[in-house]
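S.K.: The sequence isn't on hand, but the structure is:
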Ligand code: CAO
């Protein structure tokens with residue numbers, strides 16, 4: 001028998017009482033697992049509450065403007081037969097008994113609307129990250145939730161709209177004026193669908209005409225990462241600087257470390273983290289973010305590490321990497337990659353990064369052009385090391401060479417600075433004593 005279950009707000013980190021600004025489904029809609037049910041927007045960031053399982057939406061328990069926190073019931077969903085078995089640890093508990101978990105503003109729905117079924121139970125999704133990349137303290141557009149929804153529907157980036165209401169608040173008329181100006185070619189631009197970029201439409205192809213196909217929905221991580229990557233690729237003028245580091249001695253040392261202790265596995269990546277921190281200290285513009293016409297230089301060293309998971313790419317952050325040794329970093333790296341792959345990373349563990357490293361060295365390849373993780377200004381790609389003949393002035397000697405690919409935001413960093421950065425990095429990896437300087 002089909003079971004009605006509660007879809008709850010998952011772990012959203014330290015955020016509480018967050019306004020619902022958009023309902024993404026209607027009663028009667030069929031939703032797939034991880035499909036967005038509602039959008040929440042704090043004063044600094046937004047997130048979608050995903051459906052924890054596939055099924056038919058039987059009731060929506062929140063309305064626009066409600067403020068809700070972790071554990072609040074967003075909807076009641078009649079789970080598809082096959083979704084019941086894969087929904088994580090559903091507690092069989094009557095819906096009515098759960099009502100107090102919903103904060104007051106969201107629980108105004110009278111008790112009589114609760115379905116009369118004792119089969120209803122709650123199912124929570126894994127933690128969901130607010131779009132940490134969109135966090136822009138002090139620069140958040142000032143507008144009501146309704147205006148935010150309106151702007152979103154039209155694909156307007158509120159950050160580009162000037163508010164004419166009291167205190168600079170953006171009103172509906174401001175958004176309409178912005179769109180009118182954009183349509184008239186006045187410079188303003190709707191930000192989605194390629195409209196602002198004036199691109200031709202995406203090709204529409206009936207693939208089945210050419211052979212058998214299978215359709216597979218993108219995972220929630222794919223969708224979130226994809227949206228961020230597309231924005232970063234379109235908005236940041238990327239340049240990639242390539243270099244190679246002679247890591248022959250470093251590898252010998254790493255192997256010795258592996259023999260001396262078996263507690264943690266030490267991979268080349270932790271040496272890269274240390275060398276990157278030293279390079280960031282030497283060249284502070286790489287440890288910065290662009291904020292309007294200002295550069296925000298950070299005096300802390302939090303390094304994001306791209307981790308490949310079956311559901312897509314995530315970037316947990318190692319905090320204060322300057323204060324940690326190789327073994328502590330190895331331990332933390334093992335922990336965060338395991339957590340990432342088990343989908344147990346909390347939003348806090350994925351925010352606050354200064355610079356990211358994407359290592360494909362364990363897999364292969366000679367070089368690649370990583371996409372910058374905005375609002376950072378540079379990212380280091382690392383490929384697989386190879387023994388190569390290197391001229392030492394007298395002869396060719398076999399040396400282990402590590403390929404480095406540094407993508408940087410050319411608005412902030414010049415080519416010369418990037419070449420200095422990778423040269424510094426390569427020297428530090430070649431002679432680890434330089435990290436002590
Ligand atoms: N050259 C040669 N060998 C390397 C290497 C390199 N640059 N980097 C790692 N290796 C070796 C390791 O030493 C290890 O070998 P042993 O098992 O023989 O000791 C092996 O490759 C596997 O390493 P690993 O990948 O498990 O560990 P890591 O610390 O290098 O990386 C992590 C950890 C989480 C970054 C990695 O598992 C991962 O997910 N990488 C993919 C990141 C990604 O997808 N980036 C693309 C983003 S853009 O789409």
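M.R.: All right, it came through fine. As the structure is a prediction and not an experimental result, all values here were calculated from the model.

S.K.: could you give the mean pLDDT of stretch 161-175?
M.R.: When pLDDT is averaged along stretch 161-175, the result is 83.

S.K.: Repeat that for stretch 206-226.
M.R.: Stretch 206-226 comes out with an average pLDDT of 93.

S.K.: Residue 181: how many residues sit nearby?
M.R.: Neighbours of residue 181 under the rule other Cβ atoms under 10 Å: 14. (Glycine included, C-beta is placed from N, CA and C.)

S.K.: Helix, strand, or coil at residue 57?
M.R.: strand (DSSP: H, G, I helix; E, B strand; the rest coil).

S.K.: From the ligand, how far off is it?
M.R.: Relative to the ligand, residue 57 is positioned 34 Å away (Cβ to the nearest ligand atom, to the nearest Å).

S.K.: what's the neighbour count on that residue?
M.R.: Using other Cβ under 10 Å: residue 57 sits among 21 other residues.

S.K.: likewise residue 155?
M.R.: A count of neighbours around residue 155, defined by other Cβ under 10 Å, yields 16.

S.K.: The one 4 residues further on too?
M.R.: Under the neighbour criterion other Cβ under 10 Å, residue 159 is assigned a count of 13.

S.K.: Surely it forms part of a strand?
M.R.: No: Residue 159: not assigned to a strand; according to three-state DSSP it is helix.

S.K.: Could you check the pLDDT of the residue of the stretch 301-437 of the chain found nearest the ligand?
M.R.: Distances between the stretch 301-437 of the chain and the ligand by Cβ to the nearest ligand atom are smallest at residue 361, namely 2.0 Å. In this model, residue 361 is scored at 97, pLDDT.

S.K.: Then residue 39?
M.R.: With respect to pLDDT, residue 39 scores 83.

S.K.: The nearest residue to it once chain neighbours are set aside and residue 12, how far apart?
M.R.: The shortest distance from residue 39 to any non-neighbouring residue, by Cβ to Cβ, 6 or more residues apart in numbering, is to residue 22 (3.9 Å). Distance from residue 22 to residue 12, counting by Cβ to Cβ, to the nearest Å: 16 Å.

S.K.: residues touching the residue of the stretch 301-437 of the chain closest to the ligand, list them.
M.R.: Contact analysis of residue 361 by Cβ atoms under 8 Å, 6 or more residues apart in numbering lists 268-269, 382-385, 402.

S.K.: and these, which are buried?
M.R.: Buried members of those, counted by 16 or more other Cβ atoms under 10 Å: 268-269, 382-383, 385, 402.

S.K.: Backbone dihedrals for residue 15, please?
M.R.: Note on residue 15: backbone dihedrals following degrees, to the nearest 10 are phi -80, psi 140.

S.K.: picking that back up, just want to know which of residue 22 and residue 12 has more residues nearby.
M.R.: Taking neighbours as other Cβ under 10 Å, residue 22 and residue 12 compare with residue 12 leading, 22 against 18.

S.K.: Now do the SS call for the more buried one.
M.R.: Residue 12 - assigned by three-state DSSP - is coil.

S.K.: Could you pick out the residues of the stretch 151-300 of the chain near the ligand for me?
M.R.: Counting by Cβ under 6 Å from any ligand atom, the stretch 151-300 of the chain comes close to the ligand at 267-269.
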